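Participant: Could you work out the structure for the sequence below:
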Amino acid sequence: MLTLLVLISGSGSNLRALLEASDGPECPFRIIAVGADNNATGLEHAHEFEVPTFVVEPQKFASREEWGKGLLSLVREWKPDLVVSAGFMRIIPAGVVTELTPNLINTHPALLPLYPGAHAVRDALAAGATETGATVHIIDEGVDTGPVIRQCVVAVEPGDTEFILHERIKVAERGMLIDVVHDIATKKIVLEEFVY
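Facilitator: Below is the predicted model:
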């Protein structure tokens, strides 16, 4: 059984999808804890499924590095097999990445290496892209630069706004994330093979 710790910052739609997917007896993974960098609304999903939560607010620490140490300390307490950054809007400090890699993955609403950063959907529209999508990748010390595990393509439709396109990407992203975690749990994906 693969154990997951999920990190969120917002509404937790990817978290919700993972919780629902892991609820069945045949599922090869389970979520043991959910962490956030604020009192995110998505923590309610964890409470509903009776999964423990914690909040590590950066403003309560003297530096980003100190916040990273606080986050890492809480992650270590749970000893998860895999940490999933699912809408976690903080750049994870290098020391934390080094400690957890390659068992630290992220979802991103674009076909990396295109459109890294916090405004990927807006950037794709601004560039006039006819297609974009979502990526699941291993987190490294850069911003959205880690090894790509899997991607899915989402067409950009005429008249798409940032919100409409992002909602369509989220649907594809959720399904892909569940499949990737399932494949890691069943050893169809071996994360160590992606690190070079």
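
Participant: and the helix ranked longest in the chain, what does it pack onto?
Facilitator: Once the chain is assigned using DSSP state H, the helix that runs over the most residues is helix 162-185. Where contact means 3 or more C-beta pairs under 8 Å, 6 or more residues apart in numbering; DSSP states H and E, helix 162-185 is packed against strand 2-8, helix 13-21, strand 29-36, strand 82-85, strand 104-108, helix 120-126, strand 131-138, strand 148-155. Placement of C-beta: from N, CA and C, glycine included.

Participant: ok now the second one, how far from the chain's centre?
Facilitator: So the one you mean is helix 13-21. 11 Å (C-alpha atoms, centre = their mean, to the nearest Å).

Participant: cool, the fifth one as well?
Facilitator: When C-alpha coordinates are averaged (C-alpha atoms, centre = their mean), strand 104-108 and its chain have centres 4 Å apart.

Participant: and what of the first one?
Facilitator: Computed by C-alpha atoms, centre = their mean, the chain-centroid distance of strand 2-8 equals 9 Å.

Participant: buried ones in it?
Facilitator: 2, 4-8 (16 or more other C-beta atoms under 10 Å).

Participant: And for the second one?
Facilitator: Of all the residues in helix 13-21, those buried under the rule 16+ other C-beta under 10 Å are 13-19, 21.

Participant: Then stretch 83-95?
Facilitator: For stretch 83-95, burial by neighbour count (16+ other C-beta under 10 Å) applies to 83-88, 90-93.

Participant: hang on, the earlier thing: for the longest helix of the chain, list every residue counted as buried.
Facilitator: 165-166, 168-170, 172-174, 176-182, 184-185.

Participant: Surely His47 and Thr53 touch.
Facilitator: Yes. With contact defined as C-beta atoms under 8 Å, His47 reaches Thr53; the gap is 7.0 Å.

Participant: So these two - more neighbours on which side?
Facilitator: In this view His47 and Thr53 are compared by other C-beta atoms under 10 Å, and Thr53 has more residues nearby, 18 against 11.

Participant: Backbone dihedrals for that one, both of them.
Facilitator: phi -130, psi 160 (degrees, to the nearest 10).

Participant: isn't it right next to Ala46, touching?
Facilitator: Yes. With contact defined as C-beta under 8 Å, Thr53 reaches Ala46; the gap is 4.9 Å.

Participant: Now for the two: what residues contact both?
Facilitator: Val34 (C-beta atoms under 8 Å, 6 or more residues apart in numbering).

Participant: thinking Phe49 is in contact with Asp23, fair?
Facilitator: Yes. At 7.2 Å, Phe49 and Asp23 qualify as touching, with contact defined as C-beta under 8 Å.

Participant: So for those two, which sits in the more crowded spot?
Facilitator: For the pair Phe49 and Asp23, the greater number of neighbours falls to Phe49 (17 against 11), based on other C-beta under 10 Å.
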